[in-house]
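Asker: no FASTA, just this:
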C-alpha cells in the first residue's frame, strides 16, 4: 500500500470520528435552541460546531495523523533500505558468481596449457631417449665392427706369421735335403693342410 493511500484512509477515519463527536453536539445545540428545523440549524450552534470540528481535526492531526505518517515513513524507509540491501546483495552474488566462473574457466585453460606443455615435454623426452638409444646402438655396432675388424686383422697377421714360419720351415727342409719331386709335393701338401687347420 502506498503512503498516499494510507493518508486517504486516515483522513476518512478522522472525518468519521469527527462526525461521531459532532453529531451529539449538534443534537444538543438543536435542543437548546428550542426551535425545530432540520438536521442542521443555521444559528450560533453551527459556528460552535464548526469550531469544535476544527479543534477536533487539529487534535487528531497532531496526535494521530502526524505520528502515524512519521511511523509509516520510517517503515517505508526501512523497507526501501531492505530492498536496496537485497538488490545490492543480489548484484554482489551475481558478480561473485561471474568472477568464480571466470576463475574456473581460467583454471581449466591453465590446466589444459599445463597438460599440453607436459605432453610436449614428454614427447621431446621420448625423442631424445630414442635418439640417445639409436646413438648408443650405432656406437655399439661401430665398436663391435671395429673389434671384429681388429680381430680379423690380428687373425690375418697371425696367419701370415704362421704361413711365413711354415714357408721358412718348408724351405729349410727343402734345402737340407735334396728333394725329389715327390718329396716336394708331399711337403707342400703338408704345409697346405697345416694352414687349413
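Answerer: Looks like it arrived, so ask away. Just so it is clear, the model here is predicted, and its values are computed rather than measured.

Asker: helices or strands up against the host helix or strand of residue 68?
Answerer: In the assignment (DSSP states H and E), residue 68 maps to helix 66-176. Helices and strands touching helix 66-176, by 3 or more Cβ pairs under 8 Å, 6 or more residues apart in numbering; DSSP states H and E, are helix 3-33, helix 181-196. Quick note: C-beta positions are derived from backbone N, CA and C, even for glycine.

Asker: lowest average pLDDT across these?
Answerer: Per-stretch mean pLDDT for these is lowest at helix 3-33 (a mean of 61).

Asker: which helix or strand lies directly C-terminal to it?
Answerer: Helix 3-33 is succeeded, C-terminally, by helix 44-60 (DSSP H and E).

Asker: where does pLDDT dip in the chain?
Answerer: 1-42, 174-181, 184, 196-197 (pLDDT under 70).

Asker: returning to what we had before: now the angle from the helix holding residue 68 to helix 44-60?
Answerer: Taking axes from the mean of the first three to the mean of the last three Cα atoms, to 10 degrees, helix 66-176 and helix 44-60 form an angle of 20 degrees between their directions.

Asker: how far does helix 66-176 sit from its chain's centre?
Answerer: Put simply, helix 66-176 sits 24 Å off its chain's centre (Cα atoms, centre = their mean, to the nearest Å).

Asker: that helix to helix 181-196, inter-axis angle?
Answerer: Using the same axes, to 10 degrees: helix 66-176 against helix 181-196 is 170 degrees.

Asker: number the residues from 33 up from this point.
Answerer: New numbering, starting at 33: the last item is helix 98-208.

Asker: neighbours around residue 183, how many?
Answerer: Residue neighbour count, defined by other Cβ atoms under 10 Å, stands at 10 for residue 183.

Asker: and residue 110, by the same measure?
Answerer: There are 10 residues near residue 110, going by other Cβ under 10 Å.

Asker: how far away is it from residue 119?
Answerer: Noted for residue 110: a distance of 15 Å to residue 119, by Cβ to Cβ, to the nearest Å.

Asker: what does residue 101 give?
Answerer: Residue 101 is 26 Å from residue 119, by Cβ to Cβ.

Asker: of the two, which one has the most company?
Answerer: Shown here are residue 101 and residue 119; by other Cβ under 10 Å, residue 101 has more neighbours (15 against 10).

Asker: and that one, how far from residue 85?
Answerer: Counting by Cβ to Cβ - residue 101 and residue 85 are separated by 21 Å.

Asker: same thing with residue 118?
Answerer: Distance of residue 118 to residue 85, computed by Cβ to Cβ: 46 Å.

Asker: okay, now residue 92: neighbour count?
Answerer: Residues near residue 92, counting by other Cβ under 10 Å: 19.

Asker: ok, residue 77 next?
Answerer: Neighbour tally, residue 77, other Cβ under 10 Å: 19.
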